[in-house]
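Participant: sequence first, then the predicted structure:
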Amino acid sequence: MKHGHPGEFPHGIEPLWGWAVALALLAVAAAFRVPGVMGHIFDQDELYTLVESTHLFSTTLEPGIEARPVYYLLQHALLGVVPHTEIGLRILPMVFGLAGVLLTWWIATRLAGRTAGLMAGILVAAAPWHVYVSSTARYYSLVYLLAAGFFYCFLRAARDSNGWKWHVSAVTCLILGASTHPTFVFPAFAGSALVVVAAWALRRLNGVSPWRLIGGVAVPFAVFLSIAFGILVSIGRETAVRNLEGRGITAVLNLIPGVIEWISPLLLVAALVASFGLLRHSSRTSDLVWSLMALGGIIGTLVILFVAALVTNSYPYYATAMLPLIFVTLGVGIARLTALLPTRRGWAAAALVVILLAGISPGAVSQLTHGTKFDYRPALEQARAETDGDLVLAWPIIVQRYYAPDLRSREFRPNPDYLAGILAAEGSFWAIASRRRHGLVGDAGDAARRWLSRECEEVNSFQGRRFDFRLYEVILYRCGTP
C-alpha cells in the first residue's frame, strides 16, 4: 500500500448539481419501489412484523424482538396512524430505502467526486436486493441505511485525528444497527477489523491510529454488547440472538450461492476487483481504508454467514449490511479508473455502469413486475369460489388467514403421512403448495410431490412472468372425492 496524504475528503457537492442528482435518483428509485409497495402481496415475514410491532416484547413469535427492537418500536409508533395494509406497513421501509439511495450517492461523491456518486446512486436505485428490502415491511432497508452511515463514520474516524465526533457517530450507528438486527455486526466487524490490523500490524496506513479506533469504537461497542447480553441473560431471553436451530445441510450449502445470485455475480466480482484495484494503485488513504473495509466486510460476511448457518436459521438477506460497501466501491472504482483516461471519461463511466446494470436487469425487471415472493391470492380466490365448506390446506397459514379468513383451513405440510391422515378424515380437500426451482418448498426427498401427483388433481397453477432464474409457482390441488 502507498502512503496517503491529509485532506482526503475534498469533494463537496455543488448545490445545483446536488439537488438535480438527488431528485433524479429519488425519482428512479421510487419508480422501482412504488409498484411493489402498492401491489405485491404480504409475505409471512411482513405479517409477522405486524404481529410483533403490535405486541412488542409480549409477542409469542420466536425468537422474539428483544435482540432487534428498534424497527418494531418505530413501526409500533406508526400503527395508530397508518392503515394495517400493504401500503401502511411499507411506508417505513420505503422511506429508509430512499434515504439509503441518497446516502450511498452522497458517500461516493464525498469520496471520489460526481462520477462516483452518480454511478453508485444509479446502481443501488435499480439493484433488485435493495428494491426488495425497500418495498417489504421488514427492517432491512434500515439495516442498509445504518450500515452505510457506519462505514462512512468509521472511515472518517480512521482519517480524522482531531476530535471524537466520528467515533461517537460510528458507535451510535453500530448500536442502532445491531439493535435492528444482530447480523448488522458481521460486515461491520470484519471490515473494520481488517482496517485495524492493516494499520497496526502492517503499519502501512498513513495517519490511521489503530488505538484510537479500538478505544473510540471497539471498546464502547463491546461494553454495549456486554450490557445488552447481560440484560437478555437476566430475563432468560439470551436465545433471542439466534433464529431457531438451523434449516439443515441443504439450506447451508445453498446460502452463499443464494447471496451471490441475489447480488448478481457480475456486481460482486466487479466490487471485489475494484477493491483490489484501489488497494493496489490508489495513493489516497481514504481509498485504502474503504477498500479494506469492503474486502473484509464482503468476504468476512460470507464466511460468518456460512458458519452461522450451521447452528441457526440463516438466509441470504442476512448479508444486507454489506451492500453499501459494494455500491460505493463500484462508484469509486469507476471514477478512479475513468480518471486515468485522457478523454471521454464520462462516456467510459456510462458504458461501465450500463454493463453493470445489464447484469442486474433480469432481477430488477422481475422484482418490479412480480416481486420476490409467492402470490397466493389467485389460488385462494379460486378455492373460495369453488369450495363448499371443504377444508383448504395453505402455507403460510398466516397469509391465508389475512387474505381469506373465511375459508376453513389448516396448515399445508409437505408430509405424505400428514396429508393421508387429513384425506382419510375429510374425504376431500384443497391444497395450496409452493414450488421453487428445487421443488416444493419443504419437500425433502420429493415425497410430498409424488403423493400429491398420485392422490390429487392439479387444478391450476399461478406464477408471474419473470426474467431471472428465480421461480415462485403456486399450485392449487384438489384431493380426494368432492
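Facilitator: Now that the structure is in, tell me what you want to look at.
Participant: C-alpha only now, for contacts and for neighbours.
Facilitator: Fine.
Participant: what's residue 181 sitting at in phi/psi?
Facilitator: Backbone torsions of residue 181, given as degrees, to the nearest 10, read phi -160, psi 130.
Participant: skip the chain neighbours and tell me the closest residue to it.
Facilitator: Leaving aside its sequence neighbours, residue 181 sits nearest to residue 68 (Cα to Cα, 6 or more residues apart in numbering; 5.0 Å).
Participant: how near is that neighbour to residue 42?
Facilitator: 21 Å (Cα to Cα, to the nearest Å).
Participant: who has more neighbours out of those two?
Facilitator: Set residue 68 next to residue 42 and count neighbours by other Cα atoms under 10 Å: residue 42 wins out with 25 against 21.
Participant: wait, that one touches residue 86, no?
Facilitator: Yes: under the criterion of Cα atoms under 8 Å, residue 42 makes contact with residue 86 at 6.5 Å.
Participant: common neighbours of those two, please.
Facilitator: Shared contacts of residue 42 and residue 86 (Cα atoms under 8 Å, 6 or more residues apart in numbering): none.
Participant: in the stretch 151-300 of the chain, where is pLDDT below threshold?
Facilitator: 161, 203-204 (pLDDT under 70).
Participant: apply 80 and report the result again.
Facilitator: The model of the stretch 151-300 of the chain has pLDDT under 80 over residues 160-163, 201-207, 244-248, 250.
Participant: tell me the helices in it, going along the chain?
Facilitator: Listed in chain order, the helices of the stretch 151-300 of the chain (DSSP state H, counting those that start in this stretch) span 165-180, 185-197, 210-213, 219-234, 249-263, 265-281, 285-309.
Participant: where does pLDDT dip in the stretch 1-150 of the chain?
Facilitator: 1-15.
Participant: on that earlier part again, wait, doesn't the residue nearest to residue 181 sit right on residue 175?
Facilitator: No: counting by Cα under 8 Å, residue 68 stays clear of residue 175, with 10.7 Å between them.
Participant: so which elements touch whichever strand or helix holds residue 348?
Facilitator: Using DSSP states H and E, residue 348 falls within helix 345-369. Helix 345-369 sits against helix 15-39, helix 114-126, helix 128-134, helix 265-281, helix 323-338, with contacts defined as 3 or more Cα pairs under 8 Å, 6 or more residues apart in numbering; DSSP states H and E.
Participant: and whichever helix or strand comes after it, what does it pack against?
Facilitator: Counting by DSSP H and E, the next helix or strand C-terminal to helix 345-369 is helix 377-386. Secondary-structure packing of helix 377-386 (3+ Cα pairs under 8 Å, 6+ apart): helix 397-403, strand 456-462, strand 473-480.
Participant: picking that back up, so for residue 428, which of the helices of the stretch 151-300 of the chain sits nearest?
Facilitator: Taking Cα to Cα, helix 249-263 is the member of the helices of the stretch 151-300 of the chain nearest to residue 428, at 33.1 Å.
Participant: ok, residues contacting that closest one?
Facilitator: Contacts for helix 249-263 (Cα under 8 Å, 6+ apart): 127-129, 268, 302, 305-306, 309-310, 314-317, 319.
Participant: shouldn't residue 63 be in contact with residue 245?
Facilitator: No: in this structure, residue 63 is not within contact of residue 245 by Cα under 8 Å, at 10.6 Å.
Participant: what about these two, which has more around it?
Facilitator: residue 63 (17 against 12).
Participant: now that one: phi and psi?
Facilitator: Dihedral angles (degrees, to the nearest 10) for residue 63: phi -90, psi 20.
Participant: with residue 66 instead?
Facilitator: phi -60, psi -30.
Participant: residue contacts, it?
Facilitator: Per Cα under 8 Å, 6+ apart, neighbours of residue 66: 57, 232, 237, 240.
Participant: let's go with 7 Å and repeat that
Facilitator: 57, 240 (Cα atoms under 7 Å, 6 or more residues apart in numbering).
Participant: and what of residue 166?
Facilitator: 153-154, 156-157.
Participant: show me which of the residues you listed is closest to residue 215.
Facilitator: So of the contacts of residue 166, ranked by how close each gets to residue 215 (Cα to Cα), first place is residue 157, at 11.3 Å.
Participant: excluding sequence neighbours, find me the nearest residue to that closest one.
Facilitator: residue 166 is the one closest to residue 157 (Cα to Cα, 6+ apart), at 4.9 Å.
Participant: same thing with residue 120?
Facilitator: residue 331 (4.4 Å).
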